[in-house]
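My questions are about this predicted structure, shown below with the sequence.
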Amino acid sequence: MTTVKNAPIGHNTPSFEGLGLTKSLLNRLDQQGFTEPTPIQRKCIPIAITGEDVIGIAQTGTGKTLAFALPMIQRLAQTKGTGLVILPTRELALQVDEELQKIGNPAGLRTAVLIGGGSMSLQIRSIKMRPHIIIATPGRLNDHIQSKTISLHSTTILVLDEADRMLDMGFEPQIKRILATVPQDRQTMLFSATMPPGIEKIARNYMKQPLRVEVAPSGTTAENVDQELFVIGHSEKLRLLDTVLKEYTGSVLVFSRTKYGAKRIAATVRRMGHTASELHSNCSLAQRRKALDGFKSGIYRVLIATDIAARGIDVKNIELVINYDLPENPEDYVHRIGRTARAGKAGKAISFVAPEQRRDVMMIERLIRAQLTISPLPQLPERLPQIPEPDRFTTVRTYQRSGNVQPTRARATHKHSSSSAPAYRRRSY
């Protein structure tokens with residue numbers, strides 16, 4: 001594997017000109033307000049345009065999507081074949097599709113998004129439209145391969161985006177099945193924020209002498225993030241969260257380790273009087289999009305999420321990221337706090353750490369090569385505010401014999417009532 005580190009950036013120009021892009025692409029970039037390439041874009045685009053295999057290592061929020069999207073669109077316009085982009089989450093797939101459409105839509109670019117939770121029939125219809133680029137999560141793409149609703153024999157460009165995250169999520173078997181299906185004579189681009197052994201193995205086995213472009217050491221955090229840490233017991237975290245949310249006025253992204261925790265925190269934050277939504281794998285695709293779109297537009301000031309949102313959320317101007325729970329993997333800490341301080345702006349990251357998590361903190365500090373600042377606890381409220389949520393009742397429709405429907409208001413039945421309704425066992429998290 002050839003490694004390119006700190007290579008001269010495309011002619012040292014502050015614009016996309018000189019990177020080998022066509023005039024039409026440059027015009028579309030200018031129309032979309034993209035004027036200055038990021039370091040990963042400056043280094044990867046000239047290499048990728050030539051058809052070479054590329055491994056791009058860069059911290060989150062550095063513009064990796066355009067680093068592979070621009071060369072892919074240009075090369076597909078000049079040669080026959082289709083592009084395939086594999087990503088770990090639905091949110092990231094939708095975000096990449098949005099970026100591709102911004103650049104390629106004026107030229108008639110057709111895409112198909114294959115993700116879990118979406119309608120299979122609609123996805124099959126989009127496949128039959130012969131898309132130029134397919135954007136997919138590994139599980140759903142394998143569903144289509146097994147059902148023989150898709151053929152990847154025309155794939156000439158393959159992109160593995162957020163590859164380290166896909167391995168963390170257990171997608172390695174699905175990725176191997178996909179790599180065995182696509183033609184060997186192809187260009188492969190792999191993008192990741194870290195370079196674990198599993199990524200190196202994929203590079204050795206499935207890539208052709210890839211050029212490795214690294215714009216920052218693995219584990220480097222965003223430059224303008226002010227990181228702070230509070231040592232606090234689990235029972236006091238909600239009161240500290242209430243205090244912190246009152247101190248900051250902008251949009252806040254809160255990370256919980258579990259789905260149940262995210263749901264509970266979201267309900268409590270709403271009772272504190274803040275507009276809030278939740279994002280985790282128990283949410284349907286429609287619920288996820290509503291929560292994310294509402295957070296982007298400002299309908300919700302606070303978004304409480306699991307690590308499903310550590311990557312794939314491109315929301316500008318997030319003032320504060322709160323690690324209500326530390327992540328299980330130190331690498332996820334880098335991705336989480338990378339949701340703030342994007343596009344060169346400043347941001348803040350606060351972590352709530354239990355006294356027994358000293359080892360977890362040390363592992364994070366070893367990864368980011370920096371010591372986290374431990375701040376004294378502020379004055380906490382004696383109790384949490386009890387502002388009721390907008391609707392604490394369940395709307396029930398009763399059907400009369402005449403066929404008329406009369407909506408009535410009824411309190412939700414307590415789970416221990418003697419009602420004949422079936423009892424459901426609580427899921428474990």
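Great, that's in hand. Not measured: the values here are computed from a predicted model.

Please enumerate the helices of the chain.
Read by DSSP state H, the chain holds these helices, from start to end of the chain: 23-31, 39-49, 64-78, 90-104, 120-128, 138-146, 163-168, 172-181, 197-206, 237-247, 259-271, 285-297, 330-337, 358-368.

so which of these gets nearest residue 376?
When these are compared by Cβ to Cβ, helix 237-247 sits nearest residue 376, at 11.9 Å. To be clear about C-beta, it is placed using only N, CA and C from the backbone, and glycine gets the same treatment.

and that closest one, how far out from the chain's middle?
Relative to the chain's own centre, helix 237-247 is displaced by 25 Å; criterion: Cα atoms, centre = their mean, to the nearest Å.

Tell me what angle that helix forms with helix 259-271.
Taking axes from the mean of the first three to the mean of the last three Cα atoms, to 10 degrees, one finds that helix 237-247 is oriented at 50 degrees with respect to helix 259-271.

can I get the CA coordinates of helix 237-247 in CSV?
Below are the C-alpha coordinates for helix 237-247, written out as CSV (Å, rounded to 0.1, in the frame of the first residue of the first chain):
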residue,chain,number,x,y,z
LYS,A,237,-26.9,13.4,35.8
LEU,A,238,-30.4,14.7,35.0
ARG,A,239,-30.0,17.6,37.4
LEU,A,240,-26.7,18.5,35.8
LEU,A,241,-28.3,18.2,32.3
ASP,A,242,-31.0,20.7,33.4
THR,A,243,-28.3,23.1,34.6
VAL,A,244,-26.2,22.8,31.4
LEU,A,245,-29.2,23.3,29.1
LYS,A,246,-30.1,26.5,30.9
GLU,A,247,-26.5,27.8,30.5
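
now the helices of the chain in CSV, with mean pLDDT?
Shown next, in CSV, are the helices of the chain (pLDDT from 0 to 100):
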stretch, mean pLDDT
helix 23-31, 93
helix 39-49, 94
helix 64-78, 94
helix 90-104, 92
helix 120-128, 96
helix 138-146, 96
helix 163-168, 86
helix 172-181, 94
helix 197-206, 90
helix 237-247, 95
helix 259-271, 94
helix 285-297, 88
helix 330-337, 86
helix 358-368, 92
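
Could you point out which of these sits nearest residue 190?
Relative to residue 190, the nearest member of the helices of the chain by Cβ to Cβ is helix 163-168, separated by 5.3 Å.

Other residues contacting the closest one?
Residues outside helix 163-168 that contact it (Cβ atoms under 8 Å, 6 or more residues apart in numbering) are 86-89, 138, 160, 172, 175, 190-196, 198-199, 202, 310-311, 329, 331-332, 335.

How is the protein divided into domains?
As assigned by automatic domain parsing, the chain contains the domains 2-214, 225-374.

between those domains, which one is nearest to residue 381?
domain 225-374 (5.6 Å).

Quote the end-to-end distance of that closest one.
Across its full length, domain 225-374 reaches 15 Å between end residues, using Cα to Cα, to the nearest Å.

swap in stretch 187-204?
First residue to last in stretch 187-204 (Cα to Cα) measures 14 Å.

Just the buried residues of it, please?
Neighbour-count burial for stretch 187-204 flags 187, 188, 189, 190, 191, 192, 193, 194, 195, 199, 202, 203 (criterion: 16 or more other Cβ atoms under 10 Å).

and if you look at stretch 154-173?
Residues of stretch 154-173 classed as buried under the neighbour-count rule (16+ other Cβ under 10 Å) are 155-169, 171.

try stretch 357-368
With burial defined by 16+ other Cβ under 10 Å, the residues of stretch 357-368 counted as buried are 357, 360, 361, 363, 364, 367, 368.

Leaving out sequence neighbours, find the closest residue to the third one.
Going back to what we said before, that points to residue 361. residue 353 (6.0 Å; Cβ to Cβ, 6 or more residues apart in numbering).

and if you look at residue 137?
Ranked by Cβ to Cβ, 6+ apart and with sequence neighbours excluded, the top spatial neighbour of residue 137 is residue 115, at 5.0 Å.
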